[in-house]
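**Student:** what's the 3D shape of this:
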Amino acid sequence: MLWVTFLLSGSACVLRLPPVYEWVGRVSGSLVLAPVLKLGLVVAACAGLMVLISILPGGRPRAARDCGIAAVAILILSVPVLLSPPVRVAPVVAASGDFYDSTWRSLVHWVPYIAYVGWAMASGVMLAGRNARLAPYRRLATGLRLVAIGCGFGVIHAVLKLATLVAWHTDPSEAGTWMSISGGPGSVGLALGVTLIAVGSAWEGLAEAVGRWRQVVWGRWALWRLEVLWGDLVQLYPQVRLHEDGESTGRVRYRLVRRVVEIQDGILHVGRQLDTTILDRMQAAVAKHGVGGEAASAGVVALAIKWATGHAGEAGRGYVELPHAEGVDIWSEVRWLLMVVKAYKKLGTTAASTAELVSAK
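**Tutor:** Numbers count the residues shown, from 1 in each chain. Model (predicted):
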């Protein structure tokens, strides 16, 4: 229903374009077919919106009633004008793509449209606005507020059309001014309202899609940053590799989880080559630089890995548990390992000075 509503709204906006409604008029030979189609599509789109809004808490799920009322409104605004079409219309009316005059046909043409659209948009403002205040989480509240604002533009559109209709039947000399307002700024406002309703309705899905995209981009960047640490650990301990080169690596998240598991496994192997004396010296070396918190634990791990590269192949001295990420998900572990990478790169490319700093002799 959501996409049907947007399709109807988009079709109505297309019919507002001068080349389109002029083409419809030439092909059909009717001066009013394009305006009737345009208003009918807008009413049908509002009926779809009413069905969607009725699902919200506080709404009344009456899809059959809403669609039935919309069908009656379309029938009333269409039949008299099509059965008794005007022979000619004023140039200002022809240029607007709408149908106005001071006869009964104009009243019958516009009153059902204005009434239904105004009622649907006002209902949208009230229900979407109220549910935005009661929404359990921010993302849903934002989407509902956008829908409410978009419906507010729809109410303004209905009011401008009503003012134009009243001007045609009370003071035709002022009708051109109101047509310029409703056809210029009013049309822009209506297009903006449709856009806001569309974006608001899809806000949660859009936010999730953007979130997934950000995770993919960030995951690829993290894989690239972790490459140096992973490469050194795999060279030291080839057994930590879960797949051989050339095997399928899957999506970014899987590759990132695999990379974290392999690095963490490599860090466990590093711990088997250390003893408490070496670890204490490493912690003291990091503390001398005034580093604390997670940065200090990441520095100790980086120092341990760098030390292990200078003692490759040596027998284990026991086992010490090196610091690790305190997070509960993969993203926390990746962020912590990126801190380890940052510290690891600062140690330089040779292990000689590090080995001397924390020599086990």
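**Student:** please report the distance of Ser182 from Gly211.
**Tutor:** Distance of Ser182 to Gly211, given as Cβ to Cβ, to the nearest Å: 40 Å. Yep, even glycine has a C-beta here, placed from its N, CA and C like the rest.
**Student:** if you rank every helix and strand of this structure by mean pLDDT, what lands last?
**Tutor:** Using mean pLDDT, DSSP states H and E, the weakest-scoring helix or strand in the chain turns out to be helix 352-357, at a mean of 44.
**Student:** who's more crowded, Ser182 and Gly211?
**Tutor:** Ser182 (25 against 11; other Cβ atoms under 10 Å).
**Student:** which ones are touching that one?
**Tutor:** Neighbour list for Ser182: 157, 160-161, 163-164 [criterion: Cβ atoms under 8 Å, 6 or more residues apart in numbering].
**Student:** let me know the secondary structure of it.
**Tutor:** Put simply, Ser182 is helix when judged by DSSP: H, G, I helix; E, B strand; the rest coil.
**Student:** please name the nearest non-neighbouring residue to it.
**Tutor:** In space, not counting the residues next to it along the chain, Ser182 is nearest to Leu160; the distance is 3.9 Å by Cβ to Cβ, 6 or more residues apart in numbering.
**Student:** please state the offset of the helix or strand where that neighbour lies from the chain centre?
**Tutor:** For Leu160, the element it lies in under DSSP states H and E is helix 138-170. A distance of 24 Å separates the centroid of the chain from that of helix 138-170, by Cα atoms, centre = their mean, to the nearest Å.
**Student:** show me what that helix is packed up against.
**Tutor:** Judged by 3 or more Cβ pairs under 8 Å, 6 or more residues apart in numbering; DSSP states H and E, helix 138-170 is in contact with helix 104-134, helix 172-183, helix 185-201, helix 203-236.
**Student:** mean pLDDT lowest where, among those?
**Tutor:** Among the helices and strands packed on helix 138-170, helix 172-183 has the lowest mean pLDDT, at a mean of 74.
**Student:** could I have it exported to CSV, CA atoms only?
**Tutor:** Output in CSV follows, covering the C-alpha atoms of helix 172-183 (Å, rounded to 0.1, in the frame of the first residue of the first chain):
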residue,chain,number,x,y,z
PRO,A,172,-13.4,36.5,-10.1
SER,A,173,-11.1,39.5,-10.5
GLU,A,174,-9.1,38.1,-7.5
ALA,A,175,-9.2,34.6,-8.8
GLY,A,176,-6.0,35.0,-10.9
THR,A,177,-4.0,36.0,-7.8
TRP,A,178,-5.2,33.0,-5.8
MET,A,179,-4.5,30.7,-8.7
SER,A,180,-0.9,32.1,-8.9
ILE,A,181,-0.4,31.4,-5.2
SER,A,182,-1.9,27.9,-5.2
GLY,A,183,-0.3,27.0,-8.5
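**Student:** return the set of buried residues in it.
**Tutor:** Neighbour-count burial for helix 172-183 flags 175-176, 178-179, 182-183 (criterion: 16 or more other Cβ atoms under 10 Å).
**Student:** any idea how far Tyr137 lies from Val147?
**Tutor:** Taking Cβ to Cβ as the measure, Tyr137 falls 16 Å from Val147.
**Student:** if we can go back for a sec, how far away is the residue nearest to Ser182 from Glu22?
**Tutor:** Distance, Leu160 to Glu22, by Cβ to Cβ: 23 Å.
**Student:** more neighbours, those two?
**Tutor:** In terms of neighbours (other Cβ under 10 Å), Leu160 is the more surrounded of Leu160 and Glu22; the figures are 21 against 14.
**Student:** which ones are touching that one?
**Tutor:** Contact partners of Leu160, counting by Cβ under 8 Å, 6+ apart, are 178, 181-182, 186.
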